[in-house]
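Engineer: Coordinates for the following, if possible.
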Amino acid sequence: MTALRAVIFDVDGTLVDSERDGHRVAFNAAFAEAGLPDRWEVQEYGELLKIAGGAQRLAYWFEQHGTATGQARELAQQLHRSKTRIMRQMATDGHIRARPGARELIELLQSRGIRLHVATTGTRAWVEPLLRHAFGDPFDTVTTGTEVPVLKPSPAVYLDVLIQTGLSADQAVAVEDSANGVRAAVAAGLRCVAAQNAYTRADDLSAAVLVADGLDDPELVTWFGDHLV
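Structural biologist: Down below sits the predicted model:
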């Protein structure tokens, strides 16, 4: 087996607990700011996560509640801009926390000379302050949906990281939390470790080389320990 040289992390739901207490809160604040009555509760938002992309999620929601397709998409784009601004402020203010075990895993990998990268389809406007506040500056490459706007399960964002870094797929491992993320990583030729969360425990993560119950799961920590050079 080729020696592990790099780990490529997803962000939402993987490195940080951002879906329930980040994005959902920001969406609800954007609804309120626009004077709309819509609100997404915790369980409801979990169901909506099956739709990849925040703007797409909004458009689907509005269409399902009787808004014509064209108007739904226009309203979704408007609301998504507001939501991104709110999410950026939340990230800057430190309201979105690292998942248990995230910092410890990053420190372990750094101590063993493993390069760290990020492949997310989130918007750079909020991804950068979030990562900086939660982790400092451990990542060599941060590729976001601003540069690669094709959503997972497309492998595009992972392929972009591989091109930027000059890594071959067998030299790196992806860390994801969801079915779409695992599919994206595997389609890029990467091994993938899945660290599921409350929203993704029912996802089909079977294509991952390991499915763990979070980044602090001893099985996940042991797996990386066994594969570090």
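
Engineer: and the closest residue to residue 2 other than its chain neighbours, how many residues sit next to it?
Structural biologist: With sequence-adjacent residues excluded and distances taken as CB to CB, 6 or more residues apart in numbering, residue 2 is closest to residue 170, at 4.3 Å. C-betas here are computed from N, CA, C, even on glycine. For residue 170, the number of neighbouring residues by other CB atoms under 10 Å comes to 14.

Engineer: A helix includes residue 170, no?
Structural biologist: Yes - under DSSP: H, G, I helix; E, B strand; the rest coil, residue 170 sits within a helix.

Engineer: That one and residue 188: what is the separation?
Structural biologist: 11 Å (CB to CB, to the nearest Å).

Engineer: Kindly report the same for residue 49.
Structural biologist: Taken as CB to CB, the span from residue 49 to residue 188 is 22 Å.

Engineer: same check, this time on residue 57
Structural biologist: Applying CB to CB, the value for residue 57 to residue 188 is 24 Å.

Engineer: same check, this time on residue 56
Structural biologist: In terms of CB to CB, residue 56 sits 22 Å off from residue 188.

Engineer: With neighbour numbers in mind, choose between the two.
Structural biologist: For residue 56 versus residue 188, neighbours defined as other CB under 10 Å are more numerous around residue 188 (22 against 15).

Engineer: Verify the stated contact: that one with residue 152.
Structural biologist: No - contact criterion CB atoms under 8 Å: residue 188 and residue 152 do not qualify, at 10.1 Å.

Engineer: State the next helix or strand along the chain beyond the helix of greatest length in the chain.
Structural biologist: Of all segments of type helix in the chain, defined using DSSP state H, the longest is helix 69-92. Using DSSP states H and E, the helix or strand that directly follows helix 69-92 along the chain is helix 102-111.

Engineer: got a list of contacts for that following helix?
Structural biologist: Residues outside helix 102-111 that contact it (CB atoms under 8 Å, 6 or more residues apart in numbering) are 7, 15-16, 116, 134-135, 138, 215-216, 220-221, 224-225, 228.

Engineer: What mean pLDDT does that helix get?
Structural biologist: Model confidence over helix 102-111, given as mean pLDDT, is 97.

Engineer: cool, and stretch 48-67?
Structural biologist: Here the average pLDDT along stretch 48-67 is 94.

Engineer: what's the first-to-last distance across it?
Structural biologist: 17 Å (CA to CA, to the nearest Å).

Engineer: Ok, stretch 4-17 next?
Structural biologist: 27 Å.

Engineer: next one: stretch 150-162
Structural biologist: Start-to-end, stretch 150-162 (CA to CA) is 16 Å.

Engineer: pLDDT averaged over that stretch - what is it?
Structural biologist: 97.
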